[in-house]
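1. the following comprises the amino acid sequence and a computationally predicted model.
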Amino acid sequence: MLGNMGNMMKQVGELKKQMKELKKVVVELSSKNGEVTIKCNGEMKILDVKIKEDADIKKLPNIVKETINKAMAEVKNQSLGKMDISSLNIPGM
């Protein structure tokens, strides 16, 4: 029982270390036409949003949504590449 607890604590420590690494993943992505730029990190937090002054106001909501979704997908891909869960013995995974 104590051996399992020690192993679990080691895994928690490893997971915390990997979560810190995710903070270092930063993606900056612009829309096709360059009107919107989104910067986010591996914790899926948006760090910055830039919108050009001459952006098309009518299309802006869709452009922002598209750009955020693309940036989040890219951050997810990069984050998964940095995470190593193979050493973790998590039931059901």
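-> Received the coordinates, thanks.

2. which residue is nearest the middle of the protein?
-> What sits nearest the mean C-alpha location of the chain, by CA atoms, centre = their mean, is Gly42, with 3.0 Å.

3. mind checking pLDDT for that residue?
-> Here the pLDDT value assigned to Gly42 is 88.

4. wait, it touches Ala71, no?
-> No: at 11.6 Å, Gly42 does not count as touching Ala71 under the criterion of CB atoms under 8 Å. (C-beta placed from N, C-alpha, C; glycine too.)

5. show me what contacts the residue nearest to the centre of the chain?
-> Residues near Gly42 by CB atoms under 8 Å, 6 or more residues apart in numbering: 21-26, 75, 78-79, 82.

6. most neighbours among those, please name it.
-> The residue in the contacts of Gly42 with the most neighbours, by other CB atoms under 10 Å, is Val75 (24 neighbours).

7. which helix or strand contains the nearest residue to it once chain neighbours are set aside?
-> Distances taken as CB to CB, 6 or more residues apart in numbering place Val27 nearest to Val75, at 4.7 Å, with adjacent residues excluded. With elements taken from DSSP states H and E, the one containing Val27 is strand 26-30.

8. and the residue nearest to Val75, bridged to which residues?
-> Cys40 (DSSP bridges).

9. and it, how many neighbours?
-> There are 20 residues near Val27, going by other CB under 10 Å.

10. distance of it from Ile46?
-> With distances taken as CB to CB, to the nearest Å, Val27 is found 10 Å from Ile46.

11. overlap in contacts, those two.
-> Common contact partners of Val27 and Ile46 (CB under 8 Å, 6+ apart): 39-40, 71.

12. among those, who's most crowded?
-> Counting neighbours by other CB under 10 Å, Ala71 leads the shared contacts of Val27 and Ile46 with 23 neighbours.

13. which ones are touching that one?
-> Neighbouring residues of Ala71 by CB under 8 Å, 6+ apart: 27-29, 38-40, 46.

14. with distance to Thr67 added, can I get those residues in a markdown table?
-> Shown next, in a markdown table, are these (distance: CB to CB, whole Å):
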| residue | distance to Thr67 |
| --- | --- |
| Val27 | 11 |
| Glu28 | 10 |
| Leu29 | 6 |
| Ile38 | 5 |
| Lys39 | 10 |
| Cys40 | 10 |
| Ile46 | 10 |
